[in-house]
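sequence below, structure please.
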Amino acid sequence: MSEAAPAAAPRSLQQTLASIVLAFEVIVVFLASLVIWGLAAPGEGDVPAWVALVAGGVMIVALIATIGLLRFRWAYALGWLIQALILAAGFLNPTMFVVGALFGGMWWYCMVVGARIDRARTAAADPGKEQE
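Reported below is the predicted structural model:
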């Protein structure tokens with residue numbers, strides 16, 4: 001008889017919620033980059049139009065990489081940094097202040113509520129473990 005492989009530890013709810021928020025941000029950053037690029041008038045402003053596409057591409061790569069890195073605790077700090085950068089994109093297009101605030105609020109909510117539910121699940125599964 002063959003032995004069954006040990007079951008993988010279930011993903012935390014915080015990790016799942018963070019992945020969802022970051023995945024939606026990939027879509028929004030892609031579309032926002034196209035909008036900022038399309039609104040840039042040739043010869044106007046200090047920033048060339050192509051900068052919006054490059055910055056958007058870098059942010060998309062960072063978002064996708066962060067989704068993959070969420071198994072590490074430090075990746076949540078990277079997620080906070082990305083939220084701040086998206087909010088700072090409001091200096092390129094003021095609408096991004098609204099987008100950054102909305103996603104920052106969702107990120108905060110997912111971090112707080114996800115951690116709370118994960119602690120409750122841990123406490124219910126093993127009453128002596130909730131202190132860790």
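
other SSEs contacting whichever helix in the chain runs longest?
For the chain, the helix that runs over the most residues, judged by DSSP state H, is helix 95-125. Judged by 3 or more Cβ pairs under 8 Å, 6 or more residues apart in numbering; DSSP states H and E, the packing partners of helix 95-125 are helix 13-39, helix 74-88. The C-beta positions use only the backbone N, C-alpha and C, and glycine is treated the same way.

name the residues that touch the helix or strand harbouring Thr66?
Per DSSP states H and E, Thr66 falls inside helix 50-69. Applying Cβ atoms under 8 Å, 6 or more residues apart in numbering, the contact partners of helix 50-69 are 18-19, 22-23, 25-26, 29-30, 32-34, 36-37, 40, 75, 78-79, 82, 85-86, 89, 92.

show me which of these are buried.
Among the contacts of helix 50-69, those classed as buried by 16 or more other Cβ atoms under 10 Å are 18-19, 22, 25-26, 29, 32-33, 36-37, 40, 75, 78-79, 82, 86, 89, 92.
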